[in-house]
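Asker: just coords:
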């Protein structure tokens, strides 16, 4: 085997971390799972009931509600992630969800992931 084939890619490492997290984090009807996906430019969040295997609410920074979001500070993507978390929390409350289990998706809990979680907390979700 060459040295290159032994190397672990970032994506493979994140998937392994996410698998480890998913062993412990499980969404129920009373407390669904809030999962975050972060790409280079955007961030997505979904509220999932794992028992039923259904998505209750979902949101991306590419959605119509956030596409024209104008950030005022230097950290535009963090502000966008905060607004996305807040809007997702409002949509979840319309569905009757108040408490969730947070699944950071294998990402470190800082930057945009933390801003998304803080926005969801300010929007009224408990986790």
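Answerer: That came in fine, so what should we check first? Given the structure is predicted, the values throughout are model-derived calculations rather than measurements. Residues are numbered from 1 along each chain as shown.

Asker: And the contacts of stretch 65-76?
Answerer: For stretch 65-76, the external contacting residues (Cβ atoms under 8 Å, 6 or more residues apart in numbering) are 59-61, 77, 79-80, 83-84, 87. Placement of C-beta: from N, CA and C, glycine included.

Asker: likewise stretch 28-45?
Answerer: Under the contact criterion Cβ under 8 Å, 6+ apart, stretch 28-45 has outside partners 25-27, 46-52, 56, 58-62, 77, 80-81, 84-85, 88, 97, 99-105, 107, 112-113, 116-117, 120, 125, 127.

Asker: Phi, psi for the most centrally placed residue in the chain please.
Answerer: Note on the chain: the residue nearest the mean C-alpha position is residue 36, at 1.7 Å, using Cα atoms, centre = their mean. Phi and psi for residue 36, reported as degrees, to the nearest 10, are phi -120, psi 140.
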